[in-house]
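J.: Please find the sequence and the predicted model below.
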Amino acid sequence: MSSPSFGLRLAQLRRRRGLSQQQLADLLCAAAGTSTISRNEISRWERGVRLPAQPWLGWLTKVLDAPIDKPAQSVSQSTPAGPLQAADRRWLVLRGRVRVLPGQAARPAVWVVSAID
């Protein structure tokens, strides 16, 4: 998997097996015993918007019956961790769950003053 990007390679493997994005998502969910992967997530992986987390690489290898190399870590993974995204931050502030220091909401990191249990 040296020349095409991870997403292009994934799309090629999926198409070679005659699978739609939805069918691949369904197969991954069945193999992993979960329902957390959707057609939209497969699309994000193929477009390079996100990368699958490490466990999904193993399931992709199994379902597609082809080796899937670990992609470069240049985009966010499917199991994001870390700072709250802007939408999450707004939702929490609106719910009154956290208070953000004035002028800090536009920064990438969120400064949480207090959290209410």
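T.: Sure thing, it's come through.
J.: Could you use CA atoms for every contact and neighbour count after this?
T.: Will do.
J.: now the helices for the protein?
T.: 6-16, 21-32, 39-47, 54-64, 86-95 (DSSP state H).
J.: Quick check: which helices or strands does the third one pack against?
T.: For helix 39-47, the packing partners by 3 or more Cα pairs under 8 Å, 6 or more residues apart in numbering; DSSP states H and E come out as helix 6-16, helix 21-32, strand 50-51.
J.: Buried residues, the second one. List them.
T.: Translated: helix 21-32. Under the neighbour-count criterion of 16 or more other Cα atoms under 10 Å, helix 21-32 has Gln21, Gln22, Leu24, Ala25, Asp26, Leu27, Leu28, Cys29 buried.
J.: Run through the neighbouring helices and strands of that helix.
T.: In terms of contacts (3+ Cα pairs under 8 Å, 6+ apart), helix 21-32 is packed against helix 39-47, helix 54-64.
J.: Give me the contact list for the first one.
T.: Here helix 39-47 makes contact (Cα atoms under 8 Å, 6 or more residues apart in numbering) with 6-8, 10-11, 21-25, 50-52, 78.
J.: Spit out the contact partners of Ala11.
T.: Ala11 sits next to Glu46 when contact means Cα under 8 Å, 6+ apart.
J.: and it, how far is that from Ser5?
T.: 10 Å (Cα to Cα, to the nearest Å).
J.: Likewise for Trp45?
T.: 10 Å.
J.: which of these two has more neighbours?
T.: Comparing Trp45 with Ser5 by neighbour count (other Cα atoms under 10 Å), the higher total belongs to Trp45, at 21 against 14.
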